[in-house]
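Trainee: Build me a structure from this.
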Amino acid sequence: MAGRRSRIRARPQSSSVPASPTYRRSSSRSFWYCDFKIYYFNEVLFNLGWRYSRFLKVWFSVGACFCLIALVVISTLLIFSSTGNFNLKKYVSFWLDTFFSPGRRISILDLVLLIFSTLISIAFHEIGHAISASSEGLQIEYIAIFLAVLFPGALVALNYDFLHNSSPFSSLRIYCAGIWHNLVFCAGCLLAISLLPSILYPFYTHNQGLIILGVPKDSTLSNYIPPHSIITSIDGSKIKNSEDFFAIISQNKSRISPSFGFCVPNSWIDASSILTKGNNGDCLEKFSLFKTLNCGNNSTNLQLDKKHCLIAGDVAVVMKCSVGDNCACLKEELCVTPVQFPGMYWTEISYSKPYASKCVQNKINVLNLNPTQNSNSNSNSDSNQDSCGGSFVHVGDTYLMARNIKVSSYLPRIKLFISLSAYIPYLIEKALVSLFHVSVALSVVNCLPVYYLDGESILEMSLYYFTRLTRRQCNKFLRFCLFGGTVLSIISFLRILF
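Mentor: Model prediction:
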């Protein structure tokens, strides 16, 4: 996180820029703190801020207004969260689900993106402070990257005495500049994510299906569908993107039974009745509970909604029947549907494999055939249909299965180097999402009225600028707010953990 610039020393304010930049570098180390000071960018940033000072003062004034509003909102949510009236843990859980890999597994890619996003977000944060200070005519002493205990951060060393001797609103602009730059950076990430389908349009289609990039070996889905297959529908609902995918999966969790059944032979039903009676009406460990559906053609002699114990693997491969008046089963068959329990859901998943080498070659052969040859090749096409797609019934925790696979809504138009080309949009989108979330988190944390963060200085300058309190009264009220904000932040953090 970005550190507060309270222990910093600097040269006096100057209206002219030194002729040559300074290239010195230094560092300091202790048991719990180490930093690396950079002087190379001092004059570059000062030139930029001083040259466009009139425009930048307006720009950072707008940022100061946004930061003050954010400080009030976040402080209010912090109070509600500590009292239990606001469920902060739910939003943090959602952030973790969208940031980390499916299943919240911290992969090497997640770790690399986290470090990359943290460095970029901190850089934008500190550049905001530096440019805002330069627009006020304050020379930068150095930029430092530090590691306090295990937490990385950065700071811009400025003239602390000058900040307190200048007008409160000038100091407020400087202290709010980092948070303002992070918020603008978040808006840029959202804009890039929204424009990504248009940018990648010549090479990828978007919202036309969901391609599977990776399936863990321990996932139940690995037995049915290989990587680079496209999920086309779930329980008959068409899948266009990852949002549709997880929305339908979540919706299916609330169903008591799936929207389809299975045509099982009556002999299975008879054996199930004997097995159920011998086990006091309960199903054995290897069996699943099913109930009879109402079918107008074959349910007259059987009791409706009667429970049966059947082997799930055997039932999943038989012909399916629809839930309705006509189940489309034979006379010697009965339409049954599984009774779903938490963690045990039946979901029909349809898929295609357009990037499989055999399917690509079959499509090329069909396109090259004339109409006579094409009609003679229908039998061969039908025989390869199963190898190029199909459907299966997944039995188990479908939501956990969905969280454990990597998927993307971008389908490559060119079917070459599919292992690499399918990953490019996924990496770009994941990097942008990572930058957005880390930058938001950095903005929120620095808005907290807590010791040693930007929120402390923003609150201090706001009291001097907007109130008529004396300096002594402001200091007392500031200490009260900072102590309360720190305690409430710790309480909210503990509520998230436990």
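Trainee: Of all the residues in stretch 149-163, which ones are buried?
Mentor: 153, 154, 155, 156, 157, 158, 159, 162, 163 (16 or more other CB atoms under 10 Å). From N, CA and C alone the C-beta is placed, and that goes for glycine too.
Trainee: which two from these end up farthest apart in space?
Mentor: 153 and 162 (22.7 Å; CB to CB).
Trainee: check which helix or strand covers residue 450.
Mentor: Per DSSP states H and E: residue 450 is located in neither a helix nor a strand.
Trainee: again, but for residue 351
Mentor: Per DSSP H and E: strand 345-352 holds residue 351.
Trainee: swap in residue 414?
Mentor: Per DSSP H and E, there is no helix or strand for residue 414.
Trainee: my read: it touches residue 421, true?
Mentor: Yes: with contact defined as CB atoms under 8 Å, residue 414 reaches residue 421; the gap is 6.8 Å.
Trainee: Name the SS class of residue 145, please.
Mentor: strand (DSSP: H, G, I helix; E, B strand; the rest coil).
Trainee: I'd guessed it sits against residue 34; true?
Mentor: No: the pair residue 145 / residue 34 is not scored as a contact, 9.5 Å apart, by CB under 8 Å.
Trainee: ok, the two, which is more surrounded?
Mentor: residue 145 (19 against 13; other CB atoms under 10 Å).
Trainee: Okay, the more buried one and residue 158: tell me how far apart.
Mentor: Distance, residue 145 to residue 158, using CB to CB, to the nearest Å: 16 Å.
Trainee: Check residue 484 too.
Mentor: Distance, residue 484 to residue 158, using CB to CB: 28 Å.
Trainee: cool, residue 424 as well?
Mentor: Distance, residue 424 to residue 158, by CB to CB: 41 Å.
Trainee: Residue 174 too?
Mentor: From residue 174 to residue 158 the distance is 7 Å (CB to CB).
Trainee: Likewise for residue 152?
Mentor: 21 Å.
Trainee: can you check residue 488 too?
Mentor: 29 Å.
Trainee: Tell me where the model's unsure across the stretch 351-498 of the chain.
Mentor: Residues of the stretch 351-498 of the chain meeting the criterion pLDDT under 70: 360-387.
Trainee: residue boundaries of the helices in the stretch 51-200 of the chain?
Mentor: 53-82, 88-99, 108-135, 160-165, 168-199 (DSSP state H, counting those that start in this stretch).
Trainee: And the third one, what does it pack against?
Mentor: Read that as helix 108-135. Secondary-structure packing of helix 108-135 (3 or more CB pairs under 8 Å, 6 or more residues apart in numbering; DSSP states H and E): helix 42-51, helix 53-82, strand 151-157, helix 168-199, helix 423-447.
Trainee: Swap in 10 Å and give it another go.
Mentor: Helices and strands touching helix 108-135, by 3 or more CB pairs under 10 Å, 6 or more residues apart in numbering; DSSP states H and E, are helix 42-51, helix 53-82, helix 88-99, strand 142-148, strand 151-157, helix 168-199, helix 423-447.
Trainee: What angle do strand 142-148 and it make with each other?
Mentor: Orientation check (axes from the mean of the first three to the mean of the last three CA atoms, to 10 degrees): helix 108-135 against strand 142-148 gives 140 degrees.
Trainee: Now stretch 454-469 - C-alpha only, PDB.
Mentor: Extracted in PDB, the C-alpha atoms of stretch 454-469 (Å, rounded to 0.1, in the frame of the first residue of the first chain):
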ATOM      1  CA  ASP A 454      -3.500   9.100   3.100                       C
ATOM      2  CA  GLY A 455      -6.800   9.100   4.900                       C
ATOM      3  CA  GLU A 456      -5.100  10.700   7.900                       C
ATOM      4  CA  SER A 457      -3.700  13.600   6.000                       C
ATOM      5  CA  ILE A 458      -6.900  14.100   4.000                       C
ATOM      6  CA  LEU A 459      -8.900  14.200   7.100                       C
ATOM      7  CA  GLU A 460      -6.500  16.600   8.700                       C
ATOM      8  CA  MET A 461      -6.500  19.100   5.800                       C
ATOM      9  CA  SER A 462     -10.300  18.800   5.500                       C
ATOM     10  CA  LEU A 463     -10.700  19.900   9.200                       C
ATOM     11  CA  TYR A 464      -8.500  22.900   8.600                       C
ATOM     12  CA  TYR A 465     -10.200  23.900   5.400                       C
ATOM     13  CA  PHE A 466     -13.900  23.200   6.100                       C
ATOM     14  CA  THR A 467     -14.200  23.900   9.800                       C
ATOM     15  CA  ARG A 468     -13.600  27.000  12.000                       C
ATOM     16  CA  LEU A 469     -12.000  24.900  14.800                       C
END
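Trainee: For that stretch, buried residues please.
Mentor: In terms of neighbour count (16+ other CB under 10 Å), stretch 454-469 has its buried residues at 454, 455, 456, 457, 458, 459, 460, 461, 462, 463, 464.
Trainee: Now tabulate these in TSV and tack on secondary structure and distance to residue 447.
Mentor: What follows is the buried residues of stretch 454-469, written out as TSV (DSSP: H, G, I helix; E, B strand; the rest coil; distance: CB to CB, whole Å):
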residue	secondary structure	distance to residue 447
454	helix	7
455	helix	5
456	helix	11
457	helix	12
458	helix	8
459	helix	10
460	helix	14
461	helix	14
462	helix	12
463	helix	16
464	helix	18
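Trainee: could the residues you listed be laid out in TSV, adding distance to residue 224?
Mentor: Formatted as TSV, the buried residues of stretch 454-469 follow (distance: CB to CB, whole Å):
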residue	distance to residue 224
454	51
455	51
456	55
457	57
458	54
459	57
460	61
461	61
462	59
463	63
464	65
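Trainee: so how far is residue 333 from the nearest residue to residue 471 once chain neighbours are set aside?
Mentor: Spatial nearest neighbour of residue 471, chain neighbours left out: residue 464 (7.6 Å); criterion: CB to CB, 6 or more residues apart in numbering. According to CB to CB, residue 464 stands 82 Å off from residue 333.
Trainee: same deal with residue 233?
Mentor: 25 Å.
Trainee: what's the burial count for the closest residue to residue 125 other than its chain neighbours?
Mentor: Among residues not flanking residue 125 along the chain, residue 178 sits closest, at 4.0 Å (CB to CB, 6+ apart). By the criterion of other CB under 10 Å, residue 178 has 30 neighbours.
Trainee: from memory residue 178 sits against residue 445, does it?
Mentor: No: using CB atoms under 10 Å, residue 178 is not in contact with residue 445, being 11.2 Å away.
Trainee: which helices and strands sit right next to the longest strand seen in the chain?
Mentor: Counting residues, the longest strand found in the chain (DSSP state E) is strand 204-214. For strand 204-214, the packing partners by 3+ CB pairs under 10 Å, 6+ apart come out as helix 168-199, strand 230-234, helix 242-253, strand 345-352, strand 406-412, helix 418-421, helix 423-447.
Trainee: now the helix or strand where residue 489 lies and helix 53-82, what's the angle there?
Mentor: For residue 489, the host element (DSSP H and E) is helix 471-497. Inter-element angle recorded for helix 471-497 and helix 53-82: 60 degrees (by the same axes, to 10 degrees).
Trainee: Just want the angle from helix 471-497 to helix 423-447.
Mentor: With the same axes, to 10 degrees defining the directions, helix 471-497 sits at 140 degrees from helix 423-447.
Trainee: Can you get me the centre-to-centre distance for helix 471-497 and its chain?
Mentor: Relative to the chain's own centre, helix 471-497 is displaced by 30 Å; criterion: CA atoms, centre = their mean, to the nearest Å.
Trainee: can you check stretch 444-451 too?
Mentor: On the basis of CA atoms, centre = their mean, stretch 444-451 is displaced by 23 Å from the centre of the chain it belongs to.
Trainee: now do stretch 453-467
Mentor: Centroid separation for stretch 453-467 versus its chain: 33 Å, with CA atoms, centre = their mean.
Trainee: before we move on, back to that, right, and the helices and strands packed on helix 108-135 - which one's nearest residue 477?
Mentor: Here helix 53-82 is closest among these (CB to CB), at 13.6 Å.
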